[in-house]
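**Student:** Give me a 3D structure for the following:
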Amino acid sequence: METCRIQPDMIQNQRHFKLDCWDFILNLGSLVVCVVDVGLDVYAVVDFYLEEDYVSLGVLVFLLLGSSVLSQAYSWLWYSNEESETVTKVEGFFDGFCLKVVHLCQMGVYLRFAGVVEVSTQSFCTGNTIPEERAVFLSHDLNMLRLIETFSESSPQLVLMLTIIIHRGVLEPITVLKTAGSVAAIAISVTMYHRSLRAFLPDKTKQTWISSFVYFLWNLFLIGTRVIALALFVSVLPCLFPAHFLSLWIILVFFAWRANTTFMEGSGGEPLFRATLGLIWYFSWFNVSEGRTKWKCLFYYSFITLDTCVLCCVWYWRITTEPPYFESSLPPYAVLIGMSILYSLGILVRVGYYQLFHPTVTHLTTDEPESKSDSQLRGIAPQEEGDEVDNCLMDRSMQGPSKPARAKTRMEKLAVNFYSDTT
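**Tutor:** Numbering: from 1, shown residues only. Next up is the predicted model:
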């Protein structure tokens, strides 16, 4: 496991931002995947309409509109409450009232994409650093929006497409394309979110792509298993799925409320974030609390593993005792064995990631300002093996008059929480 120390003056250094080749490629690749995914969404809607599959059409349209409205709401709240002006040229064209119109037309996220591509191209092509700290946080905010979209659109879409594949028993081009597009969106969003938070660590340049790949791999295994289990359940008891989702979502939102999150501090959108957090937890773990999270994470995975097992058992019982109107191309026991192997691999890879690649951070008090000589970090050792180290809290009194304050605070909290999460 990597050990790193974050000091307040390191945040000031981030005001000069330079993109490396691979991050530039990932930014462009993320934009390409986003555009392709929109095209596939339109094609899927038209295809369901022509096939008169109005149930799938309705579900897909609901997911697309719901996810878009959710993402635009976050984007607008961040734009309207940050104490800074837009700094990229493409954002400058839509400042003020036009920015509201852009978000009402569901184009706010794409405006952020354009801003990230602008600063990425400027940094990569000229080889110069970008002095505007706002540009860095624009990239971080975009990755957070993509993560929200992953669990509000891509993951549910994947459940829908897998259910259709199970029902039809054949691989049609549209279902294959949409499934591949959803998997690609999940993979890129989690990887980019992981790499964007690493920008808050002073040793980001030492981050290997093996680390990102391993991080991507365990998320793919665990989220993939969860999505397959949900699709199997929906394929035999579609009418009970809304009840299952709402019951679990309410429980997860309750725990999000108990965590007393402050992610949207100053924007009035904290209830929205906690509701979104319940949606994310429905598919995957996402750390949002300070301090040790070992037992919270263990409780979460125990709860989700139990729920996933129940979903699979219900599917196995229905398909073996009361066969539905479709035939499974694989024996039910083979599906369960394959999912068990996949889930076990995901857990093993996750443990390996946290043991080998996840940085350990130390604690910095924020009660009062410290001089530069006193800003050395005070390390707190874990009380036992496997416990995580206390969070690294950055002293904002040492950061100077950088903007935007709320964007900085928001991403600092995410980074602090993320890198306090160990197993």
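**Student:** I251 - how many residues pack around it?
**Tutor:** Using other C-beta atoms under 10 Å, I251 has 14 neighbouring residues. Where you see a C-beta, it was placed from the backbone N, CA and C, and this is true even at glycine.
**Student:** is it true that it lies in a strand?
**Tutor:** No. Assessed with DSSP: H, G, I helix; E, B strand; the rest coil, I251 is helix; it does not lie in a strand.
**Student:** Just the pLDDT at it, thanks.
**Tutor:** Looking at I251, its pLDDT is 95.
**Student:** Who are the contact partners of G338?
**Tutor:** Listed by C-beta atoms under 8 Å, 6 or more residues apart in numbering, G338 has no contact partners.
**Student:** For S71, see how far away V102 is.
**Tutor:** Plainly put, V102 is 13 Å away from S71 if you go by C-beta to C-beta, to the nearest Å.
**Student:** Quick check: neighbours shared by those two?
**Tutor:** G108.
**Student:** Dump stretch 277-291 to CSV, keeping only the CA atoms.
**Tutor:** Provided in CSV are the C-alpha atoms of stretch 277-291 (Å, rounded to 0.1, in the frame of the first residue of the first chain):
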residue,chain,number,x,y,z
LEU,A,277,-26.2,8.3,-2.8
GLY,A,278,-28.9,5.7,-2.0
LEU,A,279,-29.1,5.0,-5.8
ILE,A,280,-25.3,4.6,-6.1
TRP,A,281,-25.3,2.2,-3.1
TYR,A,282,-27.9,0.1,-4.7
PHE,A,283,-25.2,-0.9,-7.2
SER,A,284,-21.9,-0.2,-5.6
TRP,A,285,-20.0,1.0,-2.5
PHE,A,286,-19.2,4.8,-2.4
ASN,A,287,-17.5,6.2,0.7
VAL,A,288,-18.8,9.5,1.9
SER,A,289,-17.9,9.6,5.6
GLU,A,290,-14.8,10.6,7.4
GLY,A,291,-12.8,8.3,9.7
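**Student:** what comes into contact with that stretch?
**Tutor:** Stretch 277-291 is contacted by residues 147-148, 151-152, 155, 219, 222-223, 226-227, 245, 248-250, 252-253, 255-256, 259, 261, 263, 293, 296-297, 300-301, 304, 390-391, 393, 416-418, 420-421 when judged by C-beta under 8 Å, 6+ apart.
**Student:** which ones among the residues you listed are found in helices?
**Tutor:** Applying DSSP state H to the contacts of stretch 277-291, the entries found in helices are 147-148, 155, 219, 222-223, 226-227, 245, 248-250, 252-253, 255-256, 296-297, 300-301, 304, 416-418.
**Student:** Now, of the residues you listed, which are buried?
**Tutor:** For the ones in helices among the contacts of stretch 277-291, a neighbour count by 16 or more other C-beta atoms under 10 Å gives the buried set as 147-148, 155, 219, 222-223, 226-227, 248, 252-253, 255-256, 296-297, 300-301, 304, 416-418.
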